[in-house]
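1. Show me the folded form of this:
(one chain, ligands or ions: 1)
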Amino acid sequence: VSTALRVGERVLLLDQKRRRYLVALREGGEFHSHAGFVAHELLIGQPEGAMVTSTRGAEYTALRPTLEDFVVEMPRGAQVIYPKDLAPICMLADIGPGVTVFESGVGSGALSMTMLRYGADIVGYELRDDFAARARNNVGEFLGQDALARYRVESRDSYAGIDPGDGPFDRVVLDLPEPWQVIPHAETVLRAGGLLVAYTPSITQAAQARAELRGRWIDARTLEVLHRTWHIEGQSVRPDHRMVAHTGFLTVARFLGQGRRRPDAAESRQGRGV
Ligand SMILES: C[S@@+](CC[C@H](N)C(=O)[O-])C[C@H]1O[C@@H](n2cnc3c(N)ncnc32)[C@H](O)[C@@H]1O
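-> Sure thing, here's the model as predicted:
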């Protein structure tokens, strides 16, 4: 990473109230806010940490965005998974360099970007063309064009199946309304010992996914991540009054492999005779 801020890159401007603005630097550009504007020329060529003042006296500190900054501020269509859940998902799914992942839906690409950052190789199925295109743009913009070589997004419905030619995969990671519809397809492309992680806003979705994770799955767990920030100022040290009380539930399970069954898995899936 070069030290000077350049035309074409995104910069995070932090004001004195810690409000954050993501700005794409361009020749002749201006960043406008309630406090007048800052000409991009004042930022281009500056090192990170530079302070600039708007036409009406507001001070901003310029920094390159971290992945956490970018996923919160980036252009989005679908709701993104927030940083508090992104890192635990990568831990639960044991994402690392060269790990092959089937992901669906892709949405705005926040989870894709995080898994790519950890080194994964992803095939994603996303119903909406516009979301798929946005996810690719976001990945290219933040991680660079090289990352796109490890990221293929198809405009497809994952409830209808997963193309065997796209697999096999080490991991299946799901963030869509009915993950239980994808689980039978995951069983056709996941390697023995592979992991499935499903993110669901509602616990009834998690329960329905868990009901589908029988027979060939082991070690299923569902959890939520509670993230409480603290106010620390001199002698005033206490939890912040406000917190994000709920985002979603994380369900993880391990695949035993085709033709294997858990010893205690006596029950069969309704109507499917598995
Ligand atoms: C909440 S968003 C995913 C957000 C994404 N995880 C992120 O962090 O940016 C859910 C996505 O699933 C997609 N989706 C819903 N049903 C689908 C299906 N059957 N097959 C593929 N994608 C689907 C939606 O179009 C939407 O983009």
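
2. and the residue of the stretch 51-200 of the chain found nearest the ligand, what does it touch?
-> Closest to the ligand within the stretch 51-200 of the chain is G105: 2.0 Å, counting by CB to the nearest ligand atom. No exception for glycine: its C-beta is placed from N, CA and C like everyone else's. G105 is in contact with A78, G124, Y125, E126, L127, F131, S158, D175, L176, counting by CB atoms under 8 Å, 6 or more residues apart in numbering.

3. likewise I89?
-> I89 sits in contact with I81, L111, T114, V173, V197, Y199, L250, where contact means CB under 8 Å, 6+ apart.

4. picking up where we left off before, need the phi and psi values for the residue of the stretch 51-200 of the chain closest to the ligand.
-> phi -80, psi 170 (degrees, to the nearest 10).

5. pretty sure L86 contacts F70?
-> No. Assessed by CB atoms under 8 Å, L86 is found out of contact with F70, at 11.4 Å.

6. the more surrounded of the two?
-> Legend: neighbour count by other CB atoms under 10 Å for L86 and F70, higher for L86 (22 against 19).

7. before we move on, which element is that one in?
-> helix 83-92 (DSSP states H and E).

8. Extract the CA atoms of that helix and return them as CSV.
-> Only the C-alpha atoms of helix 83-92 are listed here, as CSV (Å, rounded to 0.1, in the frame of the first residue of the first chain):
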residue,chain,number,x,y,z
PRO,A,83,-18.6,-7.4,11.0
LYS,A,84,-19.7,-8.9,14.4
ASP,A,85,-20.9,-12.0,12.5
LEU,A,86,-18.6,-12.0,9.6
ALA,A,87,-15.5,-13.0,11.5
PRO,A,88,-17.2,-15.7,13.5
ILE,A,89,-18.7,-17.1,10.4
CYS,A,90,-15.2,-17.4,8.9
MET,A,91,-14.0,-19.1,12.1
LEU,A,92,-17.0,-21.6,12.2
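
9. can you pull the buried residues of it?
-> P83, D85, L86, P88, I89, C90, L92 (16 or more other CB atoms under 10 Å).

10. In three-state terms, label the spatially closest residue to the third one that is not a sequence neighbour for me.
-> So that's L86. The shortest distance from L86 to any non-neighbouring residue, by CB to CB, 6 or more residues apart in numbering, is to T114 (4.4 Å). Put simply, T114 is helix when judged by DSSP: H, G, I helix; E, B strand; the rest coil.

11. So T114 sits against A87, correct?
-> Yes. The pair T114 and A87 qualifies as a contact (CB under 8 Å) at a distance of 7.2 Å.

12. centroid residue for the chain?
-> The centroid of the chain falls nearest to L111 when counting by CA atoms, centre = their mean (1.7 Å).

13. Quick check: which element contains that one?
-> L111 is located in helix 110-117, with elements delineated by DSSP H and E.

14. what's the average pLDDT for that helix?
-> Mean pLDDT, helix 110-117: 98.

15. who touches it?
-> So helix 110-117 is contacted by 67, 70-71, 74, 76, 80-82, 86-87, 89-90, 93, 95, 101, 103, 106, 122, 124, 135, 138-139, 142-143, 147, 150-151, 153, 173, 175, 199 (CB under 8 Å, 6+ apart).

16. Longest helix in the protein, please.
-> helix 129-143 (DSSP state H).

17. any idea of the angle it forms with helix 110-117?
-> 40 degrees (axes from the mean of the first three to the mean of the last three CA atoms, to 10 degrees).
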